[in-house]
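Colleague: Okay, here's the prediction I keep looking at, along with the sequence it came from:
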Amino acid sequence: MISEEQQELVSAVRGLLAKRDARAGIRQAMDTDLGYDPQLWAQLCEQVGVAALAIPEEYGGFGAGLPESLLVVGEIGRTLADVPMLGSAVLGAQAVLLSGDSEACERLLPGIAEGSRTLAVCWAGAAGWDEFGVRADGETLHGTAHYVLDGTIADTLIVLTDSGLFEVDPSAAGVERRRVAAMDPSRALSEITFTDTAAQRLGTADPAAVADRLRQIAWAALAAEQVGAAEYCLEATVEYTKSRVQFGRVIGSFQALKHRMADMYVLAESAKSTALTAAIALAEESPTAAEDVWVARRQCTEAFSTIAAETIQLHGGIAITWEHDAHLYFKRAHGDAHLFGTPKRPVAHS
């Protein structure tokens, strides 16, 4: 269960997204350079303070915590809006905090908190997140980071290598950013190539430990997003079956369809529970955090994939038309299943 304050946060974000009709706006935003509605992001930051939630107060944030940020990620996931919450306000901000570099935190995080600066975490190699796409030679970077969220629009690049974290100005010599085609058109992914690029080292934290923690945060955040999207798919399907008439009856009255929607509901509720458990375990640095995140990542991926597929089936032919949103959720489910890599079960320590 979430607290009363957390529920108020959820209601505020959901209300703002509905007022801005964020779901309808994603089709217009997909073809823009930004890939999202900047006014929507500005309102989320200014009116609700979503980007400041998990940033400590000494760096201009609210110091609320990771669970609150992930509740927001879940609400944004309901609409598929690609605002810089997951890539910048969660992963980018957490990467800077994990660096342990107080000077960088003081310089970068206040802008993130107010929504005036965006970060992009450059990490994965061509084969995925089990390898680093960029290598460091002293403070000079070489290589290509793949599948970067917010990569082409970020004000600052945070590069994770096997020798540490680095900060790079996107306008620096040797930086090339390009958006890449993806199955999910509502999620902008990019590749960023560094050729003899000068970089500023951030802190002295162990890069392996940073990568492990950042991946757990990414999986927990993705699980929250999947829950939000799955809940919307279920609600939309139930509403459709209440109005669609076949053989003289609304199709929602047929027992076979009732059973399928009941199964969708069970999947959505169990996924919601595991996602919240993972977020709390991470925030509290619980000894079971790795296991809780693994469970959430696997269960939420399965739940969203199954519910999105059922949404297509129960809507019938209309669901595969470009004008309907169902296919966008189906594509998001497929993309989310691979984003940040597929987790292996953590090794239990006695």
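Modeller: It's in.

Colleague: Partner strands of the worst-scoring helix or strand of the chain on mean pLDDT, with direction?
Modeller: Least confident helix or strand, the chain: strand 245-246 with a mean of 78, by mean pLDDT, DSSP states H and E. Counting by DSSP bridges, the strands paired with strand 245-246 are strand 249-250 (antiparallel).

Colleague: From the chain's centroid, how far away is the strand it pairs with?
Modeller: 38 Å (CA atoms, centre = their mean, to the nearest Å).

Colleague: likewise stretch 232-250?
Modeller: The answer for stretch 232-250 is 29 Å, by CA atoms, centre = their mean.

Colleague: So which other helices or strands are in contact with the helix or strand where residue 268 lies?
Modeller: Using DSSP states H and E, residue 268 falls within helix 255-283. Packed against helix 255-283 by the contact rule (3 or more CB pairs under 8 Å, 6 or more residues apart in numbering; DSSP states H and E) you find helix 66-79, helix 207-243, helix 289-315. All C-beta spots, glycine's among them, are computed from the backbone N, C-alpha and C.

Colleague: Name the residues of that helix that come out as buried.
Modeller: 257, 260-261, 264, 267-268, 271-272, 274-283 (16 or more other CB atoms under 10 Å).

Colleague: same deal with stretch 313-329?
Modeller: 314, 315, 319, 324, 325, 326, 327, 328, 329.

Colleague: Show the contacting residues for the second one.
Modeller: This means residue 315. 237, 240, 324, 326 (CB atoms under 8 Å, 6 or more residues apart in numbering).

Colleague: what's the distance between the residue of the chain most remote from its centre and residue 313?
Modeller: Taking CA atoms, centre = their mean, the residue of the chain most remote from its mean C-alpha position is residue 248, at 42.6 Å. Counting by CB to CB, to the nearest Å, the gap from residue 248 to residue 313 is 22 Å.

Colleague: ok, residue 41 to residue 244 distance?
Modeller: Distance from residue 41 to residue 244, by CB to CB: 35 Å.

Colleague: no, scratch that, I was asking about residue 79
Modeller: For residue 79 relative to residue 244 (CB to CB), the value is 23 Å.

Colleague: Settle it for me: which of the two has more neighbours?
Modeller: Neighbour count, other CB atoms under 10 Å: between residue 79 and residue 244, residue 79 has more, with 24 against 16.

Colleague: thought that one was touching residue 26?
Modeller: Yes. The pair residue 79 and residue 26 passes the contact test of CB atoms under 8 Å, sitting 7.0 Å apart.

Colleague: okay, the helices and strands packed on helix 255-283, which one's buried deepest?
Modeller: Ranked by mean neighbour count, those are led by helix 66-79 with a mean of 26 (mean count of other CB atoms under 10 Å).

Colleague: Which elements pack onto the helix or strand that that helix is followed by?
Modeller: As assigned by DSSP H and E, the chain's next helix or strand after helix 66-79 is helix 93-99. The criterion is 3+ CB pairs under 8 Å, 6+ apart, and the helices and strands that helix 93-99 contacts are helix 102-114, strand 119-122, strand 156-161, strand 164-168, helix 207-243.

Colleague: can you list those in TSV and add distance to residue 92 and mean pLDDT?
Modeller: TSV is the format used below for these (distance: least, CB to CB, whole Å; pLDDT from 0 to 100):
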stretch	distance to residue 92	mean pLDDT
helix 102-114	7	96
strand 119-122	3	97
strand 156-161	6	97
strand 164-168	11	96
helix 207-243	10	94
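
Colleague: now the ones you listed as a markdown table including distance to residue 46?
Modeller: Below are these laid out as a markdown table (distance: least, CB to CB, whole Å):
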| stretch | distance to residue 46 |
| --- | --- |
| helix 102-114 | 8 |
| strand 119-122 | 19 |
| strand 156-161 | 21 |
| strand 164-168 | 26 |
| helix 207-243 | 22 |
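
Colleague: Next, count neighbours for residue 103.
Modeller: 9.

Colleague: what's the pLDDT at the residue nearest to residue 112 when sequence neighbours are not counted?
Modeller: Distances taken as CB to CB, 6 or more residues apart in numbering place residue 93 nearest to residue 112, at 5.1 Å, with adjacent residues excluded. On pLDDT, residue 93 comes in at 97.

Colleague: Let's see the pLDDT reported for the nearest residue to residue 233 once chain neighbours are set aside.
Modeller: Once flanking residues are discounted, residue 233 sits nearest to residue 311: 4.3 Å by CB to CB, 6+ apart. The confidence metric pLDDT takes the value 95 at residue 311.

Colleague: Is residue 311 in contact with residue 235, as I believe?
Modeller: No. Shown here, residue 311 and residue 235 do not form a contact pair, counting by CB under 8 Å, at 10.1 Å.

Colleague: Residue 142 looks like it's in a strand, true?
Modeller: Yes. The assignment for residue 142 by DSSP: H, G, I helix; E, B strand; the rest coil puts it in a strand.

Colleague: In the sheet, which residues pair with it? Tell me.
Modeller: residue 135.

Colleague: list the contacts for it?
Modeller: 134, 135, 136, 194, 195, 196, 197.
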